[in-house]
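K.L.:
whatever this is, show me its structure:
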Amino acid sequence: MHVALRIGSGILIFYLAYCCFLFLFQRHILFPRYQIGTPSETVVNIPGMEKMWLPTNHGKVEAWFLPPDRDRVTGPAPAVIFAHGNAELIDFWPQELSKFTSLGMGLLLVEYPGYGRSEGTPSQESITEAFLAGYDTLISRNDVDPSRIVLLGRSLGGGAVCVLAARRPSAALILMSAFSSVRAFASKFLAPGFLIKDPFDNLASVKSYTGPVLVMHGRHDTLVPYKHGVSLYRAAQRGEMITYDCAHNDFPPSWQIFWQDVESFLHKAGILENKTGNEERKNT
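P.N.:
Reported below is the predicted structural model:
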């Protein structure tokens, strides 16, 4: 009995130390910003792209705005606010997402605090403040229609735009490879959920969101398992789900099909007024 108590006590002490370690270093896991090289000069050849700095209590945060193709719109245009994954920078996305501009939409890329050239440190609080500042700056523009703002988040970015969706009005929400909440991963690390500092409860945000929601997820995703996407889709009041035959880092397997799906959703949601792309295709 005495030996068993000593063994049990040792295991308990080890587990408590392990939980303490996770609590202290969890943001290094969730926000691996030090693994990403910071470009000193970014060469992006996008006509009319504007670089701006958003003031926050955590320091200045970089954001880039790509204007819509003015041959496609007259008057204020709809716009997309994009949030990237946890091991990415806004530098990675202007070329890939410039399709939005050819659809007649503006595109705002907001960096995370502490990422790239932005000041501060990343957390749910600081990221929320940065995206609120980006949103407020965007809708103040005369060339943007504030009634047609689309929030788009990839992976961790799903958490950023879901928090934003709960704090500011938007016309639609698109989630790419997003999780239901960070706390849902606690069991993977054998830790209690209450230790999570940055919960990013996407499920709660989606449940209360009244606009159309598009959930896009890879069936073979092991980083953010497919069941997270299904949970988000089922929680949405006006949800649509598109499943791709891919994992996490190869999402989407075809950008051509991805843009067909996104454009179709935007038309159905009333964001884009005139159908210009391919016919809508049935998604599962």
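
K.L.:
which helix or strand contains Asn249?
P.N.:
Counting by DSSP states H and E, no helix or strand carries Asn249.

K.L.:
so who does it touch?
P.N.:
Asn249 sits next to Leu223 when contact means CB atoms under 8 Å, 6 or more residues apart in numbering. Quick note: C-beta positions are derived from backbone N, CA and C, even for glycine.

K.L.:
may I see the buried residues of stretch 228-239?
P.N.:
Residues of stretch 228-239 classed as buried: 228-229, 231-233, 235-236, 239 (neighbour count, 16 or more other CB atoms under 10 Å).

K.L.:
just name the closest of the residues you listed to Cys162, please.
P.N.:
Cys162 lies nearest to Leu232 out of these, by CB to CB, at 9.0 Å.

K.L.:
circling back to that earlier point, in helices, which of the buried residues of stretch 228-239 fall?
P.N.:
Cross-referencing the buried residues of stretch 228-239 against helices under DSSP state H gives 228-229, 231-233, 235.

K.L.:
now render the residues you listed as JSON lines, adding pLDDT and distance to Ser181.
P.N.:
Below are those laid out as JSON lines (pLDDT from 0 to 100; distance: CB to CB, whole Å):
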{"residue": "His228", "pLDDT": "98", "distance to Ser181": "9"}
{"residue": "Gly229", "pLDDT": "98", "distance to Ser181": "13"}
{"residue": "Ser231", "pLDDT": "98", "distance to Ser181": "9"}
{"residue": "Leu232", "pLDDT": "98", "distance to Ser181": "10"}
{"residue": "Tyr233", "pLDDT": "98", "distance to Ser181": "15"}
{"residue": "Ala235", "pLDDT": "98", "distance to Ser181": "11"}
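
K.L.:
spell out, range by range, the strands that occur in this protein.
P.N.:
50-56, 59-66, 77-83, 106-110, 144-154, 172-176, 213-218, 239-244 (DSSP state E).

K.L.:
need phi/psi at Gly270.
P.N.:
Torsion angles at Gly270 (phi, psi; degrees, to the nearest 10) stand at phi 80, psi 10.

K.L.:
now do the contacts for it.
P.N.:
With CB under 8 Å, 6+ apart, Gly270 has these contacts: 148, 171.

K.L.:
quick check: the residue positioned nearest the centre of the chain vs Ala184, distance?
P.N.:
Residue closest to the average C-alpha location in the chain (CA atoms, centre = their mean): Gly157, at 1.8 Å. Between Gly157 and Ala184 the computed distance is 17 Å (CB to CB, to the nearest Å).

K.L.:
where does the stretch 1-150 of the chain have low pLDDT?
P.N.:
1, 40-45 (pLDDT under 70).

K.L.:
which residues of it fall in helices?
P.N.:
Along the stretch 1-150 of the chain, the stretches classed as helices by DSSP state H, counting those that start in this stretch are 2-30, 94-97, 99-102, 124-139.

K.L.:
for Pro39, which of the ones you listed is the nearest?
P.N.:
Closest to Pro39 of the helices of the stretch 1-150 of the chain, according to CB to CB: helix 94-97, at 12.5 Å.

K.L.:
can I have stretch 149-164 written out in CSV, keeping just the CAs?
P.N.:
Only the C-alpha atoms of stretch 149-164 are listed here, as CSV (Å, rounded to 0.1, in the frame of the first residue of the first chain):
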residue,chain,number,x,y,z
ILE,A,149,-18.5,42.3,-45.7
VAL,A,150,-17.5,38.6,-45.9
LEU,A,151,-15.3,37.1,-43.1
LEU,A,152,-12.9,34.3,-44.3
GLY,A,153,-10.7,32.3,-42.0
ARG,A,154,-8.3,29.5,-42.6
SER,A,155,-7.4,27.1,-39.7
LEU,A,156,-6.5,29.3,-36.8
GLY,A,157,-7.9,32.2,-38.8
GLY,A,158,-11.3,30.6,-38.4
GLY,A,159,-11.0,31.6,-34.7
ALA,A,160,-10.1,35.2,-35.6
VAL,A,161,-13.0,35.7,-37.9
CYS,A,162,-15.5,33.9,-35.6
VAL,A,163,-14.6,36.2,-32.8
LEU,A,164,-15.0,39.2,-35.2
